[in-house]
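In: I need the structure of the sequence given here:
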Amino acid sequence: MKYSDWDSYKSCGIYGNATKNTLNNKNERVVIVKKLFLVILICCFIGSIFISQRTSVAMEKRIDTNFSLIAQKIDKELALGTGLSTSSDPHDYIQDDVNFNEIITLGNDALPHL
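Out: You can find the predicted model right below:
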């Protein structure tokens, strides 16, 4: 191939387009990988929100159930007029109470719901 042929080959755009296409393909791959990474990151974030909400709802339900059972016990004691009904010490109402202990075993995660 002569020098003049090489210039005409380059000037017709075939050589230049091949280089541009290679760069565009690399850039397109990078963009696709970035988009894929972003989509995966967003899905993980949304998934973690749903999992934490489900746990939160279950914990709140357990706390509400235990509080209801404690309230029923106190109401029963007040209706019977036992010594507990005249006590002003809050500890007397929860002493040796299984439901109160269940709330305590939930730990710090239960605090936002209380």
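In: I'd like to know which elements the longest helix seen in the chain is packed against.
Out: Counting residues, the longest helix found in the chain (DSSP state H) is helix 14-80. Contacts defined by 3 or more C-beta pairs under 8 Å, 6 or more residues apart in numbering; DSSP states H and E place helix 14-80 against helix 90-94, helix 98-105. The C-beta positions use only the backbone N, C-alpha and C, and glycine is treated the same way.
In: Any chance of those in TSV with mean neighbour count, distance to residue 83 and mean pLDDT as columns?
Out: Shown next, in TSV, are the helices and strands packed on helix 14-80 (neighbours: other C-beta atoms under 10 Å; distance: least, C-beta to C-beta, whole Å; pLDDT from 0 to 100):
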stretch	mean neighbour count	distance to residue 83	mean pLDDT
helix 90-94	12	8	82
helix 98-105	14	19	89
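In: And those: which comes nearest residue 72?
Out: Across these, the minimum distance to residue 72, taken as C-beta to C-beta, is reached by helix 98-105, at 9.3 Å.
In: The closest one packs against which elements?
Out: Helices and strands touching helix 98-105, by 3+ C-beta pairs under 8 Å, 6+ apart, are helix 14-80.
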